[in-house]
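> sequence? don't have it. structure:
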Ligand code: ADP
C-alpha cells in the first residue's frame, strides 16, 4: 500500500481584476472553495490512479474538516488515521488576479497539530511499500515519518514543497526527491535544472525534477540522466499537476514498474489533470490513464 503523511487544506479562492493594496477593498468576480493540501492531493491522485492509499494527517472540527475528509473517502483513501482535532482546518486564502498572478496566506490550523507519529501511524507505515511526504506538516514529524519508513525498508518519496532549506537528517532518509524546477533551484542555488538535479544526488540517491510542460528529468547515482517529455495538451489549470504526477508515480513504483515506465505514466496522469479545472477534482482515474497511454 501507499501511505501519505501530509497536509489537508481548504483553498479559499477569490478572483479579482486587480488585487487590493493594503487598506484597500476591492470587489471580487467569483469565489471558490477547493479542497486541497499537498498531502491530500497526492493521496487522491494515487487512489484514483489505482493505488491502495491511506492518509495520516489532521483536519479541524469544522465544516471544512468534514468536507476534506469526505473528499478523501470519496476517492477511496483510507482515513482511519486522519485525526479530527479541536480548532480550524488548514486553510489557504488565495487572491487570483486577471493576469493569473496570485497572493496566498496559508494558515496551517489542524496540520500544525501533527507533531509526532502515534503507534498506529508507525505500524501502518511499516507495512507500506511507499511513504509520500511533503513539507506542509511540522518538519519534526516529516523527519520522524521518513526515518521510521526508511529504517524499515519502506521507500520514501519527498516533495520538497513549499520550498525551504532541508536538514541533512531529512535528506539522509529520503530515497526519491521530487522537486519542481523552482524547488530544485531553491535547494541547490543552481539555476540549470540538470545541474540542480545532479547536485541533489550528493544528498539523495534518486531525483526527479518536474519541468511543467517540458516533462521531467530523472537522475540516479551511477545511471544516465533521463528526460521524459510531457504529452502536449491544452493547459486549462495546472493546480496540483505536481501532486497528480507524484501520486501516479507512486502507484506505478509500488506495482514494480521500472522508473522510465513509471515516469511516463506519471506524466500522462499529470497532463490529463491540467486539461481540466480544479485540484483533486481534475485528477484522472486509472482507466483514463490507461486509455491515454494506449493512444
Ligand atoms: P508543480 O505543479 O509542482 O509546479 P510542474 O509544473 O513541474 O510542477 O508540473 C508537474 C508535472 O505535471 C510535469 O512534470 C508534467 O508532467 C505535468 N505538467 C505540468 N504542466 C503541464 C503542461 N502544461 N502540459 C503537460 N504536462 C504538464
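Good, I have the coordinates. Computed from a predicted model, the values in this text were never measured in an experiment.

> And stretch 76-94, what's buried?
Residues of stretch 76-94 classed as buried: 77-79, 81-85, 88-92, 94 (neighbour count, 16 or more other C-beta atoms under 10 Å). The way it works is simple: take the backbone N, C-alpha and C, and place the C-beta from them, glycine included.

> cool, stretch 150-160 as well?
Of the residues in stretch 150-160, 150, 154, 155, 156, 157, 158, 159, 160 count as buried by neighbour count, 16+ other C-beta under 10 Å.

> Also stretch 218-225?
When neighbours are counted by 16+ other C-beta under 10 Å, the buried residues of stretch 218-225 are found to be 218, 219, 220.

> hmm, who's touching that stretch?
Defining contact as C-beta atoms under 8 Å, 6 or more residues apart in numbering, one finds that stretch 218-225 is touched by 194, 197-198, 200-201, 205-209, 217, 226-228, 259-260, 263.

> what ranges do the helices span in the stretch 151-295 of the chain?
Secondary structure of the stretch 151-295 of the chain (DSSP state H, counting those that start in this stretch): helices at 168-171, 181-188, 193-200, 241-254, 259-274, 286-294.

> quick check, residue 4 in a strand?
Yes - with DSSP: H, G, I helix; E, B strand; the rest coil as the criterion, residue 4 is located in a strand.

> And it, how far from the ligand?
16 Å (C-beta to the nearest ligand atom, to the nearest Å).

> How about residue 93?
The separation that residue 93 has from the ligand, given C-beta to the nearest ligand atom, amounts to 20 Å.

> ok, the closest residue to the ligand within the stretch 151-295 of the chain - contacts?
Of the stretch 151-295 of the chain, the residue with the smallest distance to the ligand, taken as C-beta to the nearest ligand atom, is residue 242 at 2.3 Å. When the contact criterion is C-beta under 8 Å, 6+ apart, the partners of residue 242 are 159, 161, 178, 180, 210, 270.

> filter the residues you listed down to the ones near the ligand?
Near the ligand, taking C-beta under 6 Å from any ligand atom as the test, the members of the contacts of residue 242 found are 180, 210, 270.

> got the residues you listed as TSV, with neighbour count columns?
Conversion of those to TSV gives the following (neighbours: other C-beta atoms under 10 Å):
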residue	neighbour count
180	22
210	27
270	30
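
> Using CSV, lay out those together with pLDDT.
What follows is those, written out as CSV (pLDDT from 0 to 100):
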residue, pLDDT
180, 96
210, 98
270, 97
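
> quick check, the worst-scoring helix or strand of the chain on mean pLDDT touching the ligand?
Of the helices and strands making up the chain, the lowest-confidence element is strand 102-107, at a mean of 91, by mean pLDDT, DSSP states H and E. No - remark: strand 102-107 sits outside contact range of the ligand, by C-beta under 6 Å from any ligand atom, the gap being at least 12.9 Å.

> That strand: what's the following helix or strand?
Sequence order places helix 119-127 as the next helix or strand after strand 102-107, per DSSP states H and E.
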